[in-house]
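# pasted the sequence and its predicted model underneath.
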Amino acid sequence: MISIIVRKPYLKQVDKHQLISTAELTLNYLYQEKPGDLAILICSNEEISKLNFTYRNINQATDVLSFESYEVNPDSGSYHLGDIVISYDFALEHSLCFSHEVGLELLVLLIHGILHLCGFDHSEEGEKQKMWTKQYEIHNLLNISIDQLPGEHE
């Protein structure tokens, strides 16, 4: 099951069905078996900044955070893959900088977050190339065309 929480100011700007569909297709591409549950939160720069400080000791907003989970849902027996937090404010800023829709940027950040939950990272050059390659594969699968990937502008 994929659950999405969108904070009040962004409710009308976020297409939950598109996010769920993208998450499902991404997870199905990455996993042969049922991947498990996933929770997604769309929030403000202020909220993600607090989470970034609490869990990473970095006192600033970021575009996306991924929190792995190794828990099993006692109600369903399903494995909980983890939680993804996306800053709508950051996504809007990216979309304006790179001239595409904010909805598209949310999808790109969601895919990026899922890849982190699946063990991909971009802290070292070799890992970064693997992650970007996988990201491009998923973008192609979903017909997502953008010039910039998260992290490439930093």
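Yep, that arrived.

# could you give the mean pLDDT of the host helix or strand of L51?
If you go by DSSP states H and E, L51 is part of helix 45-56. Across helix 45-56, pLDDT averages out at 96.

# by contact count, what packs against that helix?
Helices and strands touching helix 45-56, by 3 or more CB pairs under 8 Å, 6 or more residues apart in numbering; DSSP states H and E, are strand 64-72, strand 79-87, helix 88-97. All C-beta spots, glycine's among them, are computed from the backbone N, C-alpha and C.

# same for the second one, what does it pack against?
So the one you mean is strand 79-87. In terms of contact count using 3+ CB pairs under 8 Å, 6+ apart, strand 79-87 is assigned the packing partners strand 37-43, helix 45-56, strand 64-72, helix 102-117.

# most tightly surrounded among the helices and strands packed on helix 45-56?
strand 79-87 (a mean of 22; mean count of other CB atoms under 10 Å).

# what does it contact?
With CB atoms under 8 Å, 6 or more residues apart in numbering as the contact definition, strand 79-87 has outside contacts at 27, 35-45, 47-48, 51, 61-69, 71-73, 106, 109-110, 113-114, 117.

# let me know how buried V14 is, in neighbour terms.
20 (other CB atoms under 10 Å).

# gap between it and K8?
The gap separating V14 from K8 is 11 Å, by CB to CB, to the nearest Å.

# again with F67
F67 sits 22 Å away from K8 when distances are taken as CB to CB.

# kindly report the same for V85.
Distance, V85 to K8, by CB to CB: 16 Å.
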